[in-house]
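>>> model this:
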Amino acid sequence: MPFPASFRRLVWSNLLAQSAEQIGLAAAPLVAVFALGATPAETGLLQSAQTLPFLLLSIPLGVVADRRSRRTLMAFAECARAFAMFCVLLLVLSHSLTLPLLALLGFLGATGTVAYNVGAPALVSALVERAGLAAANGRIELARSVAYSAGPALGGLLVGWIGAASAYGFAATSSAIAAMLLAGVREPARTPAVARHFLTELREGARFVARDALLRPMLATAVFFNLGFFILQAVYVPYAVQRLHLSASAVGVTLGAYGVGMVCGALAAPLVARRIAFGRMLLVGPFCGLAASLAMVATLVAPSFWLASASFFLLGAGPILWTVGSTTLRQAITPATMMGRVSALNSTATYGARPLGALAGAAISAHFGMGPCLVAATLGFVVQAAIIAVSPAARLADVPDDAAPLSA
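This is a model prediction of the structure:
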């Protein structure tokens, strides 16, 4: 199915925006550990700062996305990310960078990702016909997978070989081009929303999600996945350096395995979708996450670059099928007028779990060490796999046909 030119611009913009995000996320803990001497607890706090916008800004931006132009919102936020990355670049070059400044600018840069996560699903459903949503989401996720593959590895290589300035310069440039591409997207006109109180609109979106028997377990699964993932992420860089004895470049390669897995998963998604029921496809991601956490725990006994890489590969390969499937399901059963708020609630609950997971990782590592963090992460992955396994979503043969909520 041919896609409109505006959707193709959105895909390229998404690739560059996600690349900028991943380079920044990979570079920040490496700079913190190698240049600023950060402890595992401090890198956990840094991860929290870089993910806190998901918790604080998703819902306000979701309401804005339902009231105003999604394209404009996303472009403005991407400009904010470019500005933040450029500021880090200047601080690195002037030898003025500190851990608090790195955290503050990471917080600002993450607003671009929040706006993308809130606005993109609604914008895709406006640009692409309903029959092409699954394929369109697959295209978006393939672009994101490439970014997740190249971004961490490139960030690690740039920091290790050339220096942090080059990594942040590349990220700032990518964000700026992404914003320019977004400016050229022709968003279909919408009937202006009736001005209502913010809390009224928020309650309406929350009520819709809470009453839907498919969306509830999907949301809970994503929450526990992200809790486990970011408990792991909070300590992985110092763990890899101190326990696995990896260089900055090697750490970047292991993180890049996550993106390689995403690319493989995205490429395999159409074949998997044809071979198994839709609900079964939703199980693949959570159980791959569980397997990944077990592989990382195994490095406590057998320290290995390859086990760490396999863990991140599994974290990318399986969950990409979850992302494609869950996004398509949410678009299919959510009214267009509520898409921004429902996407925002999803981002708040799932991505908002990231700073909580990072804080938990920082606390556990500070009191008990890095090993118990890996075990705690595994417990989170066990819970998310159990939730989706017993949910009605796992029994779906195909995507529901209408946008009516499934009552409990």
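>>> so where is the stretch 251-400 of the chain shaky, pLDDT-wise?
Applying pLDDT under 70 to the stretch 251-400 of the chain picks out residues 336, 340, 347, 352.
>>> and the helices in it?
278-298, 305-317, 319-333, 339-350, 353-368, 370-389 (DSSP state H, counting those that start in this stretch).
>>> any idea which of those is most buried?
Ranked by mean neighbour count, the helices of the stretch 251-400 of the chain are led by helix 339-350 with a mean of 26 (mean count of other C-beta atoms under 10 Å). Quick note: C-beta positions are derived from backbone N, CA and C, even for glycine.
>>> tabulate the CA atom coordinates of it in PDB.
Extracted C-alpha coordinates of helix 339-350, given in PDB (Å, rounded to 0.1, in the frame of the first residue of the first chain):
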ATOM      1  CA  MET A 339      -6.400   9.600  20.600                       C
ATOM      2  CA  GLY A 340      -4.000  12.200  22.000                       C
ATOM      3  CA  ARG A 341      -5.300  11.700  25.600                       C
ATOM      4  CA  VAL A 342      -5.300   7.900  25.500                       C
ATOM      5  CA  SER A 343      -1.700   8.000  24.000                       C
ATOM      6  CA  ALA A 344      -0.700  10.400  26.700                       C
ATOM      7  CA  LEU A 345      -2.100   8.200  29.500                       C
ATOM      8  CA  ASN A 346      -0.300   5.300  27.900                       C
ATOM      9  CA  SER A 347       3.000   7.300  27.800                       C
ATOM     10  CA  THR A 348       2.500   8.600  31.400                       C
ATOM     11  CA  ALA A 349       1.900   5.100  32.800                       C
ATOM     12  CA  THR A 350       4.500   3.300  30.800                       C
END
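>>> could you give the angle of it to helix 319-333?
Per axes from the mean of the first three to the mean of the last three C-alpha atoms, to 10 degrees, the angle that helix 339-350 makes with helix 319-333 is 140 degrees.
>>> what about helix 339-350, distance to the chain center?
13 Å (C-alpha atoms, centre = their mean, to the nearest Å).
>>> helices and strands around that helix, which ones?
Secondary-structure packing of helix 339-350 (3 or more C-beta pairs under 8 Å, 6 or more residues apart in numbering; DSSP states H and E): helix 40-67, helix 99-127, helix 198-211, helix 215-242, helix 319-333.
>>> let's see it at 10 Å
Counting contacts by 3 or more C-beta pairs under 10 Å, 6 or more residues apart in numbering; DSSP states H and E, helix 339-350 packs against helix 40-67, helix 70-93, helix 99-127, helix 198-211, helix 215-242, helix 319-333.
>>> re the thing from before, out of the helices of the stretch 251-400 of the chain, flag the one nearest P270.
helix 319-333 (9.5 Å; C-beta to C-beta).
>>> out of the helices of the stretch 251-400 of the chain, flag the one nearest R139.
helix 319-333 (9.8 Å).
>>> so what's L133 up against?
P121, V124, S125, V324, T327, T328, L329, Q331, A332, V399 (C-beta atoms under 10 Å, 6 or more residues apart in numbering).
>>> swap the cut-off to 7 Å and go again
For L133, the contacting residues are S125, T328, Q331, by C-beta atoms under 7 Å, 6 or more residues apart in numbering.
>>> OK, contacts around the nearest residue to P29 once chain neighbours are set aside?
What sits nearest to P29 in space, not counting adjacent residues and going by C-beta to C-beta, 6 or more residues apart in numbering, is V237, at 4.2 Å. Listed by C-beta under 7 Å, 6+ apart, the contact set of V237 reads P29, L30, V33, T43, V251.
>>> what's the burial count for the second one?
Right, L30. 26 (other C-beta atoms under 10 Å).
>>> and it, how close does it get to P392?
43 Å (C-beta to C-beta, to the nearest Å).
>>> likewise the fourth one?
Counting by C-beta to C-beta, the gap between T43 and P392 amounts to 39 Å.
>>> would you mind measuring from R186 to A126?
10 Å.
>>> that older thread, neighbour count: T43 and P392, which is higher?
Shown here are T43 and P392; by other C-beta under 10 Å, T43 has more neighbours (28 against 13).
>>> quick one: contacts for the residue nearest to that one when sequence neighbours are not counted?
Setting aside the residues directly before and after it, T43 is nearest to P29 in space (C-beta to C-beta, 6+ apart), at 4.9 Å. Going by C-beta under 7 Å, 6+ apart, P29 touches T43, L46, V237.
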